[in-house]
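Novice: Can you look at this prediction? I've put the sequence above it.
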Amino acid sequence: MNQKRDARDEHQDEQLGRQDGHRYDAPESDEDRISKEWAYAALGLLVVVLLVLIATGKVPIFGA
């Protein structure tokens, strides 16, 4: 009887895991998510500033 239960538990574990054998990651903590939001916001701001500088000609892309 224990063998049936063990086989059933293993089958259930296989259904919960990914097909490549890895388990799903735990959800991110609020602290991790907020720090990533700040990093993406800073990166986006840097890209916008760079695009504005290129558009106004302050940063030449092609040397003349």
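Specialist: Done, it's in. Just so it is clear, the structure is predicted and the values come from calculations on it, not from any experiment.
Novice: Which secondary structure element of this structure has the lowest mean pLDDT?
Specialist: helix 2-16 (a mean of 56; mean pLDDT, DSSP states H and E).
Novice: pLDDT below threshold where in the protein?
Specialist: 1-19, 64 (pLDDT under 70).
Novice: Let me see the ranges of the helices in this protein.
Specialist: Using DSSP state H, the helices of the chain run over residues 2-16, 30-56.
Novice: residues near Phe62, how many?
Specialist: Neighbour count for Phe62, taken as other CB atoms under 10 Å: 4. Heads up, the C-betas are built off the backbone N, CA and C, glycines and all.
Novice: and stretch 44-58, which residues are buried?
Specialist: When neighbours are counted by 16 or more other CB atoms under 10 Å, no buried residue of stretch 44-58 is found.
Novice: separation between Phe62 and Ile54?
Specialist: Distance, Phe62 to Ile54, by CB to CB, to the nearest Å: 11 Å.
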